[in-house]
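[1] Got a sequence here, can you build the structure:
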Amino acid sequence: MLTAARLGATALAGLLLAGGAAGPALADTPAPSPVTPPAALYGKGDPTYDGVWRQALALTALASAKVVPAPAAVDWLTGQQCADGGWPSFRADTAAACDPKTEDSNATAVAVQALTVLGGHQDAVAKGVDWLKANQNADGTWSYNPGNPGDANSTGLALNALAAAHADPAKVAKARRTAWDGLASFQLGCAATAAERGGFVYQPAADAKANGLASAQAALAAAGGALPVTTTDRVDSAPVALPCAGGGAATAVPRAQSAEAASAYLVSQLNANGQHLMLTTPGAEPAPDLNATSWAVLSLVKAGHPHQAAAAADWLAGNGYTWAAKGKNGTDAAAASTLLLVAQAAKLDPYNFGGTNLVQLLLDAGPKAASVPSAAASAASANPDGTAAPGSGITDGEDNGGFSPIWLVGTGLVVGIGGGLAISLNRRRQAAAAASTGTPAKDDGQQ
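    Here you go, the predicted model:
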């Protein structure tokens with residue numbers, strides 16, 4: 001059963017992501033009052049649905065950029081953890097006991113990864129991993145909130161956390177179904193059309209179609225990845241599509257071929273759409289999906305295909321400024337963090353990413369860092385024209401305009417609602433997108 005807060009969030013998601021028309025059952029549900037973000041939190045928007053998500057991404061991105069974050073920012077994240085090891089999206093009152101139904105596998109997964117990168121938080125990480133193991137579904141999958149059917153995004157993120165914590169997914173199982181089995185249940189194999197093979201559905205259903213964000217996020221897990229993506233076993237050739245002989249049997253994609261098949265699907269979609277993935281929701285025109293495109297870059301780099309990710313990373317450099325810096329409440333911390341992770345993975349200059357100093361942009365969105373890299377260390381950037389260190393200009397309008405702005409015509413939905421909200425409503429957006437592709441969402445309360 002959804003709480004009042006969850007119902008309000010679902011109604012809001014329906015309004016924003018389906019062109020302003022919420023479902024009739026939610027029409028009279030009032031939205032909760034906005035929450036003022038604490039000073040230790042990155043971003044100025046209401047943290048109710050994405051506080052832990054954006055804080056964890058920000059800490060991960062900054063730590064991998066050699067920034068030592070403010071102790072208060074780290075303490076805020078650890079203080080959000082519940083006694084049983086899980087994290088909710090946001091706890092306004094950390095003295096009160098958590099409601100287990102509101103604990104969030106996505107928030108838990110990114111918090112585990114952030115604290116692993118930061119180091120020194122082994123107990124919190126271990127408890128988070130134990131929570132994920134305890135809340136795995138009987139089919140090996142994970143849902144956003146416990147007790148619901150699993151989805152590809154949540155399962156992929158849980159696998160990222162297991163990888164970060166060095167927990168073998170083959171040994172994380174329920175009812176003899178491992179985490180790898182759970183992930184495989186969402187990937188389309190030889191029974192699908194050639195164009196769909198290798199992609200991931202949000203949730204399994206008859207005639208389900210591959211979903212962009214589900215595929216991009218699940219592909220990182222298929223490649224055994226975690227955040228930040230900083231290393232790769234490079235493969236110079238393009239990813240190989242899933243080999244299928246004859247009519248194609250309705251069998252799971254073999255584990256050994258999963259990441260390569262997912263990479264081939266992502267590359268085909270990027271090539272078909274001008275090096276970005278598309279967001280399609282009922283009642284709205286298709287629009288470029290910066291979040292899904294970012295995860296596709298991360299997944300391709302981890303899978304060993306940085307060449308095939310390069311053009312999409314360049315597209316994000318040219319088109320990401322509005323998403324990251326011009327949200328409803330100014331800088332969108334989740335979007336800026338995601339782009340910073342992309343820049344690092346793609347070996348692009350995070351101090352001049354299409355003209356934007358992503359490091360400074362994110363620093364300015366949160367509490368003052370304990371320390372930042374020196375100009376000498378930052379000057380190791382491959383771009384000789386890059387802004388050399390934190391403290392340099394955040395963006396240069398001339399540099400940032402170097403890529404075609406035509407895409408902006410179709411992105412009123414994405415930019416208007418703010419990248420962080422779009423990310424925090426990740427699962428709900430997938431439910432809407434799944435409906436538009438013929439996949440019935442099993443729980444419209446998911447982010």
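[2] Determine the longest helix present in this structure.
    helix 255-272 (DSSP state H).
[3] buried set for that one?
    257-270 (16 or more other C-beta atoms under 10 Å). Just so you know, the C-beta spots here come from the backbone N, C-alpha and C atoms, and that holds for glycine as well.
[4] Check which element follows that helix along the chain.
    strand 277-279 (DSSP states H and E).
[5] quick one: strands adjacent to that next one?
    Using DSSP bridges, the strands paired with strand 277-279 are strand 287-289 (antiparallel).
[6] Output the buried residues of helix 255-272 as TSV; include the columns distance to Lys127 and pLDDT.
    Listed next are the buried residues of helix 255-272 as TSV, based on distance: C-beta to C-beta, whole Å; pLDDT from 0 to 100:
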residue	distance to Lys127	pLDDT
Gln257	34	96
Ser258	29	98
Ala259	29	97
Glu260	34	97
Ala261	34	98
Ala262	31	98
Ser263	33	98
Ala264	38	98
Tyr265	35	98
Leu266	34	98
Val267	38	98
Ser268	40	98
Gln269	37	98
Leu270	38	98
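[7] Going along the chain from the worst-scoring helix or strand of the chain on mean pLDDT, find the next helix or strand for me.
    Least confident helix or strand of the chain, by mean pLDDT, DSSP states H and E, is helix 4-17 with a mean of 34. With elements assigned by DSSP H and E, the helix or strand that comes after helix 4-17 is helix 51-64.
[8] Put the alpha carbons of that next one into PDB.
    Extracted in PDB, the C-alpha atoms of helix 51-64 (Å, rounded to 0.1, in the frame of the first residue of the first chain):
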ATOM      1  CA  GLY A  51      17.700  13.500  -1.300                       C
ATOM      2  CA  VAL A  52      19.800  10.400  -0.700                       C
ATOM      3  CA  TRP A  53      20.100   9.700  -4.500                       C
ATOM      4  CA  ARG A  54      21.500  13.100  -5.400                       C
ATOM      5  CA  GLN A  55      23.800  13.300  -2.300                       C
ATOM      6  CA  ALA A  56      25.300   9.900  -3.000                       C
ATOM      7  CA  LEU A  57      25.900  10.700  -6.600                       C
ATOM      8  CA  ALA A  58      27.400  14.100  -5.700                       C
ATOM      9  CA  LEU A  59      29.800  12.500  -3.100                       C
ATOM     10  CA  THR A  60      30.800   9.800  -5.600                       C
ATOM     11  CA  ALA A  61      31.500  12.200  -8.400                       C
ATOM     12  CA  LEU A  62      33.400  14.700  -6.200                       C
ATOM     13  CA  ALA A  63      35.500  12.100  -4.500                       C
ATOM     14  CA  SER A  64      36.500  10.600  -7.800                       C
END
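[9] can I get the CA coordinates of stretch 70-81 in PDB?
    C-alpha atoms of stretch 70-81 as PDB (Å, rounded to 0.1, in the frame of the first residue of the first chain):
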ATOM      1  CA  ALA A  70      32.600  18.600   3.800                       C
ATOM      2  CA  PRO A  71      32.300  16.200   6.700                       C
ATOM      3  CA  ALA A  72      28.700  17.400   7.200                       C
ATOM      4  CA  ALA A  73      27.800  16.200   3.700                       C
ATOM      5  CA  VAL A  74      29.000  12.700   4.500                       C
ATOM      6  CA  ASP A  75      27.500  12.700   7.900                       C
ATOM      7  CA  TRP A  76      24.100  13.700   6.400                       C
ATOM      8  CA  LEU A  77      24.300  10.600   4.100                       C
ATOM      9  CA  THR A  78      25.300   8.200   6.800                       C
ATOM     10  CA  GLY A  79      22.700   9.700   9.100                       C
ATOM     11  CA  GLN A  80      19.900   8.900   6.600                       C
ATOM     12  CA  GLN A  81      20.600   5.100   7.000                       C
END
